[in-house]
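Asker: Sequence plus the predicted model coming up.
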Amino acid sequence: MREEKPKAPSQKNKSAKTKSWFWPIVYSGIAIVFVGMIWGYNAFMTEDSPGLADVAGKDAKDSPIVETNAANEKLKYPFAEELYDDVVIVQDFYDPEADAATRENALLVFDQEYVTNTGVMISIQGKPFGVVAALSGKVEEVVNDPFMGDAIILSHANGLTTIYSSVTAIQVKPGEEVSQGQALATTSENEWNTVAGVHLQFEVQKDGVAVNPRSYLAF
C-alpha cells in the first residue's frame with residue numbers, strides 16, 4: 001500500500017494564521033499608547049493647574065490684580081455729554097499767556113483781593129446737574145466744606161488729579177475705585193462765590209500742578 005506524505009500547509013493558511021495574531025497586537029499597542037497619552041496629560045494638568053478645592057480655599061484679596069486700560073483713557077467731560085450744548089463757562093482757568101478778556105474772566109474777588117482761578121467753573125442753565133468721573137481712578141479725598149462747597153479729589157494712573165468742587169449728594173467715599181463716567185455727585189452753589197450760582201468747579205492737576213482743563217477738553 002502506498003504511503004501518503006503529509007501535506008504541507010498552503011500559503012493561504014499561513015497568511016490566515018499570521019492575520020489572526022498580527023492585528024490584535026497592533027490594536028493593543030495603539031490602545032496602550034493612547035491610554036498613556038491620556039494619563040500623561042491628566043498628570044500634567046493636575047500638577048500645574050489648581051483644583052476646585054484650591055481655588056475655593058483662596059481669599060479673593062489674594063487673586064492677582066488685573067490691569068485696566070485706565071492709563072490709556074483720555075479725559076472726558078465731568079458731566080453727561082448730551083448736556084454739552086447747554087454748558088457755559090462762568091469763569092476760566094487763569095493762564096498768564098491768555099488774552100486780556102480770558103485773564104479777566106479768570107480772576108475772583110474775595111475779601112477785596114483778586115484770586116486766580118485754578119480750574120473752570122461750569123454752569124448748565126443755572127440748574128443742578130450730575131457730576132461724573134472724567135477718568136477712572138481712586139477717590140483720594142472727600143472734602144466737607146459748607147463755605148466753599150464740598151469737593152471730591154480723584155487720582156489717576158497717568159499722573160493726573162481731577163478735583164470736583166461745589167458739589168452735594170456725594171456718592172463715593174475715600175479709597176473707592178471709580179470708573180470713567182461713574183456718577184460722583186450733584187452740583188450746588190456755595191457761599192464763597194455766590195455770583196456763580198449753581199456750578200461745578202472742575203480742576204485738573206498734572207503731577208501736582210494745576211493745568212488748564214481746556215488743554216484736554218474743548219469747552
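Answerer: It's in.

Asker: Okay, domains of this structure per the record?
Answerer: The domain map for the chain lists 9-64, 70-215, with the assignment taken from automatic domain parsing.

Asker: Mind telling me which of those the model trusts least?
Answerer: Comparing mean pLDDT over the domains of the chain, the weakest stretch is domain 9-64, at a mean of 50.

Asker: can you pull out the strands in the chain?
Answerer: In the chain, strands defined by DSSP state E lie at 87-91, 107-110, 113-116, 120-124, 130-132, 137-143, 150-155, 160-168, 177-178, 183-187, 200-206, 209-211, listed in chain order.

Asker: between the fourth one and strand 200-206, how many degrees?
Answerer: Which is strand 120-124. Here strand 120-124 runs at an angle of 150 degrees relative to strand 200-206 (axes from the mean of the first three to the mean of the last three Cα atoms, to 10 degrees).

Asker: contacts for strand 120-124?
Answerer: 78-79, 83, 86-93, 187, 193, 196-203, 212-214, 219 (Cβ atoms under 8 Å, 6 or more residues apart in numbering). C-beta here means a position set from N, CA and C on the backbone, and glycine is covered the same way.

Asker: residues in contact with the nearest residue to residue 95 once chain neighbours are set aside?
Answerer: Among residues not flanking residue 95 along the chain, residue 212 sits closest, at 5.6 Å (Cβ to Cβ, 6 or more residues apart in numbering). Residues counted as contacts of residue 212 (Cβ under 8 Å, 6+ apart) are 93, 95, 120, 204.

Asker: change it to 10 Å
Answerer: The contact partners of residue 212, by Cβ atoms under 10 Å, 6 or more residues apart in numbering, come to 92-95, 97-98, 106, 118-120, 203-204, 219.

Asker: and what of residue 146?
Answerer: By Cβ under 10 Å, 6+ apart, the contact list for residue 146 reads 190-192.

Asker: same question, residue 93
Answerer: Shown in contact with residue 93 (Cβ under 10 Å, 6+ apart): 102, 105-106, 116-121, 202-204, 210-215, 219.

Asker: If we use 6 Å, what do you get?
Answerer: Taking Cβ atoms under 6 Å, 6 or more residues apart in numbering, we find residue 93 in contact with 106, 117, 119-120, 212.
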